[in-house]
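Undergrad: here is the input, now give the coordinates:
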Amino acid sequence: MHLLLFAITTWGITNIIVTSDLFHPIRKFAERRLGPVGTLFNCFMCTSFWVGVGVSLALVGPALHYTYNGMTYPAWVTARSHAAFWLGAVMDGFIASGFSWALYIFLATRHNGEDDHE
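TA: Okay, the predicted model is just below:
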């Protein structure tokens, strides 16, 4: 359940950043100011990775939690090293990116299929 909540949260935030009209001016500003790096805000897979890392650090993502006796502890409490902590955040970024991209493609394919039948 924790993984599903994490994945849907990262997909939702990424979808708002990459596709919404609300963030369109910010995406255009980033493209003008940052050049090729700014175009990453238009990439669903790229943005979802960084959103996943951020959500993982903010909300204790799937790779960054430890459960003992029904209590969940963040990795910064239980991690044996800083490297293990950051590796967990990066792993959560990959999880978020993969799930978000798969859901994006699935929904885009369904949407395109509906347009063909009209």
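
Undergrad: quick one: contacts for residue 22?
TA: The contact partners of residue 22, taken as Cβ atoms under 8 Å, 6 or more residues apart in numbering, are residue 16. Bear in mind the C-beta positions are built from the backbone N, C-alpha and C, glycine included.

Undergrad: so it, which state does it fall into?
TA: When classified by DSSP: H, G, I helix; E, B strand; the rest coil, residue 22 comes out as coil.

Undergrad: what pLDDT does it get?
TA: As predicted, residue 22 sits at a pLDDT of 92.

Undergrad: for stretch 21-32, which residues meet the burial criterion?
TA: By 16 or more other Cβ atoms under 10 Å, the buried positions in stretch 21-32 come out as 23, 27, 30, 31.

Undergrad: what's the closest of these to residue 85?
TA: For those, the closest approach to residue 85 (Cβ to Cβ) belongs to residue 30, at 28.4 Å.

Undergrad: so that closest one touches residue 43, yeah?
TA: No - counting by Cβ atoms under 8 Å, residue 30 does not reach residue 43; the two are 11.6 Å apart.

Undergrad: which element is residue 110 on?
TA: helix 82-116 (DSSP states H and E).

Undergrad: what is that helix packed up against?
TA: Helices and strands touching helix 82-116, by 3 or more Cβ pairs under 8 Å, 6 or more residues apart in numbering; DSSP states H and E, are helix 2-19, helix 44-59, helix 75-78.

Undergrad: how about those helices, which one is nearest residue 96?
TA: Here helix 44-59 is closest among those (Cβ to Cβ), at 2.4 Å.

Undergrad: who's in contact with the closest one?
TA: Contact partners of helix 44-59, identified using Cβ under 8 Å, 6+ apart, comprise 6, 9-11, 13-15, 17-19, 40-41, 61-64, 88-90, 92-97, 99-101, 104.

Undergrad: what's the most buried one of the helices and strands packed on helix 82-116?
TA: Most buried of the helices and strands packed on helix 82-116, by mean neighbour count (mean count of other Cβ atoms under 10 Å): helix 44-59, with a mean of 21.
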